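S.K.: coords below, sequence missing:
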């Protein structure tokens, strides 16, 4: 039972993360194409295949798992709520990546957090890490209905935090749209790298889930 709960929580977290990453990338592609950079738009479209292929694998993996568990309404809600933790983490990582570009690469932005950059990361981590652990306990360790209800407001607050990260990341990404330019050689090298990652990420995900199933009793 413990292995089943852990596998279910990992899949839910990964699915939420991958869905949010896909939505972010669609926004990025639209921003780049609108700015007139078709090459970077195409590059980002290929990057989008990474979460799409991984999410597709997880979906097929879920169809081959215990169908009885899939019919449990309570279990579905627990998995859905936990997947939003993955959504928030994706928004946070988008904010971190674009902040790094805007501050460290271009030098056109400054960190508003009093801790400065990169220590400002610790402020969000101090929230997301305990929240992720507490949500897991409420949703998968405590089976009473009250724990499920208690996880709902916690999830909403986490999504609110994630939306703030998303908006900050979108502002930082505009700096990328305005300044990014790649030489021809770099473009082809990046294209080859992205294609390689597209092929290896689903395989790595499959290996991780298989090892997790073996390790957990």
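M.R.: Okay, I see it. Keep in mind the model is a prediction, meaning the values are calculated, not measured.
S.K.: pLDDT on the helix or strand containing residue 25, on average?
M.R.: Taking DSSP states H and E as the definition, residue 25 sits inside helix 2-34. The average pLDDT for helix 2-34 rounds to 79.
S.K.: then stretch 158-173?
M.R.: Over the span of stretch 158-173, the pLDDT mean works out to 90.
S.K.: now do the buried residues in it.
M.R.: For stretch 158-173, burial by neighbour count (16 or more other C-beta atoms under 10 Å) applies to 158-159, 161-162, 165-166, 168-170, 172-173. C-beta here means a position set from N, CA and C on the backbone, and glycine is covered the same way.
S.K.: farthest pair within these?
M.R.: The distance between the two most remote of those (C-beta to C-beta) is 21.9 Å, for 158 and 173.
S.K.: by contact count, what packs against the helix holding residue 25?
M.R.: In this structure, helix 2-34 makes packing contacts with helix 38-63, helix 73-100, helix 145-179, helix 184-215, judged by 3 or more C-beta pairs under 8 Å, 6 or more residues apart in numbering; DSSP states H and E.
S.K.: swap the cut-off to 6 Å and go again
M.R.: Other elements packing on helix 2-34 under the criterion 3 or more C-beta pairs under 6 Å, 6 or more residues apart in numbering; DSSP states H and E are helix 38-63, helix 73-100.
S.K.: now do it against helix 145-179, angle only.
M.R.: With axes from the mean of the first three to the mean of the last three C-alpha atoms, to 10 degrees as the basis, helix 2-34 and helix 145-179 are set at 30 degrees to each other.
S.K.: from here on, count from 6
M.R.: Noted, 6 is the first residue going forward, which turns the last one into helix 7-39.
S.K.: tell me what angle helix 7-39 forms with helix 78-105.
M.R.: Comparing the axes of helix 7-39 and helix 78-105 via the same axes, to 10 degrees yields an angle of 40 degrees.
S.K.: coming back round to it: mean pLDDT for the helices and strands packed on helix 7-39: which is lowest?
M.R.: Mean pLDDT is lowest for helix 43-68 among the helices and strands packed on helix 7-39, at a mean of 67.
S.K.: okay, residue 35 and residue 98: tell me how far apart.
M.R.: For residue 35, the distance to residue 98 (C-beta to C-beta, to the nearest Å) stands at 20 Å.
S.K.: ok, these two, which is more surrounded?
M.R.: residue 98 (16 against 12; other C-beta atoms under 10 Å).
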